[in-house]
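In: Sharing a model that was predicted from the sequence below.
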Amino acid sequence: MPDESPPTEKPAPRVTNSVDGSPKNVIQSGSTDSIYVHDRSETHNHDRRGLYVVGAILLVAVLVIALLSILRKDHPTVESQDAAAKPPPSPTVPIAATLDLYPKKDCESGWVVPTSDEAPIAHTDKPVDAVLGSGGSVVLTLQGLTAESVVLHSMNVEVVSRRPAMPGSFLPSNCGSDVTPRFFRADLDKAAPSAVPEPGTASFPYKVSGTDPEQVIITPTSTDEDIEWRVRIPWSSGMGRGELLIDDGGKPIRTTATTAARPFCLEQPDSRRWIPKASGASC
């Protein structure tokens with residue numbers, strides 16, 4: 001007869017509240033489907049990608065700054081445009097000079113041209129290749145560049161070269177009257193010529209400014225030479241001093257005697273041409 005006594009109950013596991021790290025008691029709650037273990041090499045690669053990104057950002061920033069610098073140069077800002085619009089600093093030499101050459105209306109001074117044939121020459125203010133003859137006018141107009149006065153102390157003539165009088169044809173001026181501001185005469189035949197005021201002309205010093213110019217007319221003369229020369233004018237203004245050099249557009253002023261040139265006369269009555277002067281006749 002089978003034994004019907006109830007099964008013997010197994011004793012319940014003993015529970016302890018202390019955890020000592022031994023595998024005696026394990027309590028599992030729920031289940032874990034998957035566990036992802038992070039690869040250290042992947043973490044390292046991720047850090048390097050971060051460095052690449054930072055480097056790329058820095059490179060783009062440098063390129064942007066360089067581009068803005070170029071654009072700033074090509075397209076000035078309002079501030080730089082205002083700076084460019086400001087007037088330039090005061091010049092080193094506070095005076096300007098212009099030079100004009102022409103014969104006097106005295107029937108005696110004129111031009112010498114290199115041609116020596118008999119053909120008539122059309123009358124113009126200055127014929128082609130003409131050189132101012134002895135006794136002509138060298139007109140200097142002097143004016144200050146600021147409102148401050150500039151004192152012109154003297155005027156000196158510097159000879160650059162000498163040679164025999166220029167051959168060719170001498171073309172005299174018209175006859176008439178001249179307006180005479182301040183007249184000087186320079187004898188270029190002298191070893192050290194000087195500009196001497198004509199009678200009735202006050203000598204240096206003169207004073208010029210932006211609103212008070214001066215005009216000086218020099219009459220250079222030579223009996224038998226072709227001479228190149230310049231003018232030097234010492235000046236002072238305030239604490240500044242210097243010397244103004246005046247020439248003919250970067251070249252020396254040139255004056256020749258007319259003694260080696262064949263004389264012409266202005267054809268009358270309209271004075272439209274110069275024609276060769278007949279032997280023994282007067283113009």
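Out: Cool, the structure landed. Please read all numbers here as calculations on a predicted model, not as lab measurements.

In: so where do the strands sit in the stretch 51-200 of the chain?
Out: Using DSSP state E, counting those that start in this stretch, the strands of the stretch 51-200 of the chain run over 95-102, 110-113, 121-122, 131-133, 137-144, 150-152, 156-164, 168-172, 182-187, 195-197.

In: Quick check: the gap between the nearest residue to Tyr102 once chain neighbours are set aside and His123.
Out: Nearest residue to Tyr102, sequence neighbours excluded (C-beta to C-beta, 6 or more residues apart in numbering): Ser137, at 5.5 Å. (Each C-beta comes from the backbone N, C-alpha and C, glycine too.) Note on Ser137: its distance to His123, by C-beta to C-beta, to the nearest Å, is 18 Å.

In: Who has more neighbours out of these two?
Out: Between Ser137 and His123, counting by other C-beta atoms under 10 Å, Ser137 is the more crowded of the two (21 against 15).

In: mind listing what that one touches?
Out: The contact partners of Ser137, taken as C-beta atoms under 8 Å, 6 or more residues apart in numbering, are 100-104, 109, 178, 217-219.

In: and with 7 Å instead?
Out: Neighbouring residues of Ser137 by C-beta atoms under 7 Å, 6 or more residues apart in numbering: 102-104, 217, 219.

In: cool, and Val208?
Out: Neighbour list for Val208: 95, 142-144, 150, 152, 214 [criterion: C-beta under 7 Å, 6+ apart].

In: Partner strands of the helix or strand where it lies and their direction?
Out: Using DSSP states H and E, Val208 sits in strand 206-208. Using DSSP bridges, the strands paired with strand 206-208 are strand 150-152 (antiparallel).

In: could you give the mean pLDDT of the partner strand?
Out: Mean pLDDT, strand 150-152: 93.

In: try stretch 226-243
Out: 93.

In: mind checking which of the strands of the stretch 51-200 of the chain is nearest Glu225?
Out: strand 156-164 (5.2 Å; C-beta to C-beta).

In: tell me the angle of the closest one relative to strand 182-187?
Out: Interaxial angle, strand 156-164 versus strand 182-187 (axes from the mean of the first three to the mean of the last three C-alpha atoms, to 10 degrees): 40 degrees.

In: what about strand 156-164, average pLDDT?
Out: The average pLDDT within strand 156-164 is 96.

In: Lys207: neighbouring residues, count only.
Out: The local packing of Lys207 (other C-beta under 10 Å) involves 12 other residues.

In: Give me the pLDDT for it.
Out: For Lys207, the pLDDT comes out at 92.

In: Adding distance to Arg273, write the strands of the stretch 51-200 of the chain out as CSV.
Out: Output for the strands of the stretch 51-200 of the chain, formatted as CSV (distance: least, C-beta to C-beta, whole Å):
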stretch, distance to Arg273
strand 95-102, 19
strand 110-113, 13
strand 121-122, 6
strand 131-133, 18
strand 137-144, 23
strand 150-152, 42
strand 156-164, 28
strand 168-172, 10
strand 182-187, 31
strand 195-197, 35
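
In: Could you identify which of those is most buried?
Out: Mean neighbours per residue, mean count of other C-beta atoms under 10 Å, is largest over the strands of the stretch 51-200 of the chain for strand 110-113, with a mean of 26.

In: Other residues contacting that strand?
Out: With C-beta under 7 Å, 6+ apart, strand 110-113 has contacts from 103, 121, 126-127, 129-133, 166, 168-173, 256, 258, 261.

In: For it, output the C-alpha coordinates as PDB.
Out: Extracted C-alpha coordinates of strand 110-113, given in PDB (Å, rounded to 0.1, in the frame of the first residue of the first chain):
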ATOM      1  CA  GLY A 110      63.000 135.800 -81.500                       C
ATOM      2  CA  TRP A 111      63.500 132.000 -82.200                       C
ATOM      3  CA  VAL A 112      66.300 130.100 -83.900                       C
ATOM      4  CA  VAL A 113      65.300 127.000 -85.800                       C
END
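
In: Cheers, nothing more for now.
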